[in-house]
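Enquirer: sharing a sequence plus its predicted fold:
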Amino acid sequence: MSLRVKLVLAIVLLTTMATLVIGLFSYVGTADRLYAEVDRSLQNGAENIEHGGRDLDGPVFSPSNGGSDDLVRGYEQFVIQVIDNGGNARMTSLGVPLPVDDNDRAVAAGPELTTRRNITIDDEPYRMLTRSLDNGRGAVQVARSLAETTRVLDSLRNFILVAATVVIAAAALAGWLIARQVTRRLVRLTGVAEEVATTGRLDIPVPVEGTDEAGRLGTAFNEMLGALARSKDDQQRLVQDAGHELRTPLTSLRTNVSVLRRHRELDHETQARVLDDLDLETRELTTMVNELVELATDRRADEDLEPVDLADVVDRVAERARRRTGRAIDVSVDPATETVVTGRPLALERAVSNLIDNAAKFDPDGVEPITVSVRSGRVTVCDRGPGIAHADRPHVFDRFYRAVEARSRPGSGLGLSIVTDVATSHGGVVFAEPREGGGSCVGFELPT
């Protein structure tokens with residue numbers, strides 16, 4: 001069942017229930033009011049007749065002297081009957097006897113009692129009231145036809161049914177129009193989603209209309225397709241760039257292997273140099289593959305966010321780098337600033353490690369120590385290498401980008417791009433600046 005049909009059925013169901021409840025309350029309320037009016041008229045009639053009949057044995061109640069006509073004059077809409085305290089009829093108007101049961105006899109024998117019930121006379125419904133007379137001298141019975149009341153209630157019932165039918169039909173039409181309007185954009189979005197699933201295309205235009213939930217869904221769906229398209233393009237560029245970058249070390253490996261095949265013709269020094277090249281190239285290839293896997297799978301996102309002190313991260317990474325490279329690395333932390341950020345510890349350690357490794361690679365002489373400063377959420381790593389040319393600064397954080405003068409150095413061109421990914425995933429930015437006196441300063445800044 002489609003959403004449109006469900007909306008129509010829901011609107012019709014709610015309208016039907018509301019109409020029936022209102023109609024039922026109207027019918028029951030009107031019926032109670034009409035029956036109350038009938039009972040009141042019977043009560044008033046019985047009281048007036050009782051006050052007009054002076055004595056049960058008097059001339060007014062005597063059927064032989066025509067007192068019955070005087071008694072009922074002005075009450076032609078009623079059927080009147082007077083019974084004694086034994087329940088026997090003493091007088092009946094219009095020649096129509098009224099039924100007497102045990103309750104009526106009890107009323108006639110008791111003081112100031114009243115009973116009401118529905119009866120049938122000649123297949124016509126009547127409402128009858130039995131009221132005891134003063135001093136236990138019997139009771140007066142007054143009955144009134146319910147035909148008019150029944151006709152009014154039947155007419156009201158038919159009107160309610162007709163009105164309910166019209167309202168339900170109108171609700172079905174209005175519900176269909178509303179459901180069509182509400183689901184029109186959802187149907188179009190569903191069509192777009194099905195087309196994307198079928199064709200795999202991510203450039204299909206998405207209808208974006210309005211500011212309601214459907215409009216917001218269209219906007220979100222459009223942004224999602226855009227993000228998927230950008231991710232797909234990034235993956236394709238990553239694969240293409242990786243393939244291009246991997247060709248160089250693989251070609252060099254094949255060349256060195258080919259040289260080693262002629263090992264009998266090579267002296268010991270040449271063989272050692274070729275083996276050193278193979279060892280360096282395989283390590284670079286391993287590093288590149290690991291970095292490619294990290295970029296492609298984004299394993300850093302598996303970590304939970306938690307408070308991280310950048311000063312502690314820098315101290316740990318700098319100590320490992322000192323042991324690994326033997327380089328002097330000076331760390332300075334501004335104690336007057338807040339260095340705690342919300343982040344992923346291992347990812348931040350990798351970013352700082354890449355910055356220090358990059359500085360060590362471009363400052364191989366190690367005459368001066370590498371300096372790492374932490375101020376608030378800003379981590380800066382400075383070296384005394386050749387520096388970064390002005391034209392290269394906007395691109396040093398791109399994947400596989402290597403300046404012309406840096407292409408002879410080992411590296412994959414992915415280290416700083418990983419720093420960029422870590423910084424942006426934490427809501428931060430990266431920067432590369434020239435260092436006063438020569439060299440460069442590279443780092444990132446995160447919100448504390």
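Expert: In hand now; what should we look at?

Enquirer: which stretches of the stretch 201-350 of the chain form helices?
Expert: For the stretch 201-350 of the chain, helices defined by DSSP state H, counting those that start in this stretch occupy the ranges 213-260, 268-297, 310-325, 345-362.

Enquirer: avg pLDDT for the last one?
Expert: Within the predicted structure, the mean pLDDT of helix 345-362 is 87.

Enquirer: and stretch 275-283, how far out from the chain middle?
Expert: 57 Å (Cα atoms, centre = their mean, to the nearest Å).

Enquirer: deepest-packed of the helices of the stretch 201-350 of the chain, please.
Expert: Of all those, helix 345-362 has the most neighbours on average by mean count of other Cβ atoms under 10 Å, namely a mean of 22. Placement of C-beta: from N, CA and C, glycine included.

Enquirer: that helix - contacts with which helices or strands?
Expert: strand 306-309, helix 310-325, strand 370-375, strand 378-383, helix 415-425, strand 440-445 (3 or more Cβ pairs under 8 Å, 6 or more residues apart in numbering; DSSP states H and E).

Enquirer: if we go to 6 Å?
Expert: helix 310-325, strand 378-383, helix 415-425 (3 or more Cβ pairs under 6 Å, 6 or more residues apart in numbering; DSSP states H and E).

Enquirer: nearest to residue 48, out of the ones you listed?
Expert: The minimum distance between residue 48 and these falls on helix 415-425, with 95.4 Å, by Cβ to Cβ.

Enquirer: can you list the buried residues in that closest one?
Expert: Neighbour-count burial for helix 415-425, with 16 or more other Cβ atoms under 10 Å as criterion, is recorded at 415, 416, 417, 418, 419, 420, 421, 422, 423.

Enquirer: so can I have JSON lines of those showing pLDDT?
Expert: Shown next, in JSON lines, are the buried residues of helix 415-425 (pLDDT from 0 to 100):
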{"residue": "415", "pLDDT": "76"}
{"residue": "416", "pLDDT": "83"}
{"residue": "417", "pLDDT": "81"}
{"residue": "418", "pLDDT": "82"}
{"residue": "419", "pLDDT": "88"}
{"residue": "420", "pLDDT": "88"}
{"residue": "421", "pLDDT": "85"}
{"residue": "422", "pLDDT": "88"}
{"residue": "423", "pLDDT": "91"}
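
Enquirer: for the residues you listed, which one is nearest residue 161?
Expert: For the buried residues of helix 415-425, the nearest to residue 161 is residue 421 (70.4 Å; Cβ to Cβ).

Enquirer: re earlier: any chance of the buried residues of helix 415-425 in JSON lines, with distance to residue 86 too?
Expert: Shown next, in JSON lines, are the buried residues of helix 415-425 (distance: Cβ to Cβ, whole Å):
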{"residue": "415", "distance to residue 86": "120"}
{"residue": "416", "distance to residue 86": "119"}
{"residue": "417", "distance to residue 86": "115"}
{"residue": "418", "distance to residue 86": "114"}
{"residue": "419", "distance to residue 86": "115"}
{"residue": "420", "distance to residue 86": "113"}
{"residue": "421", "distance to residue 86": "109"}
{"residue": "422", "distance to residue 86": "109"}
{"residue": "423", "distance to residue 86": "110"}
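
Enquirer: which pair of those spans the longest distance?
Expert: Taking Cβ to Cβ as the measure, the buried residues of helix 415-425 span a maximum distance of 13.1 Å, between 415 and 423.

Enquirer: you'd agree residue 142 is in a strand?
Expert: Yes. Looking at residue 142 with DSSP: H, G, I helix; E, B strand; the rest coil, it is inside a strand.

Enquirer: if we can go back for a sec, quick one: which of the helices and strands packed on helix 345-362 is nearest residue 8?
Expert: Here helix 415-425 is closest among those (Cβ to Cβ), at 46.5 Å.

Enquirer: hmm, back to that, ok, the buried residues of helix 415-425 vs residue 354, which is closest?
Expert: Taking Cβ to Cβ as the measure, residue 354 lies nearest residue 415 of the buried residues of helix 415-425, at 4.2 Å.

Enquirer: what's the following helix or strand after the lowest-mean-pLDDT helix or strand in the chain?
Expert: Scoring the helices and strands of the chain by mean pLDDT, DSSP states H and E places helix 67-72 at the bottom, with a mean of 49. For helix 67-72, the following helix or strand on the C-terminal side (DSSP states H and E) is strand 78-83.

Enquirer: mind listing what that next one pairs with, with the direction of each?
Expert: strand 89-92 (antiparallel), strand 139-145 (antiparallel) (DSSP bridges).

Enquirer: need the winner for burial among these.
Expert: Mean neighbour count (mean count of other Cβ under 10 Å) peaks for strand 139-145 among the strands paired with strand 78-83, with a mean of 24.
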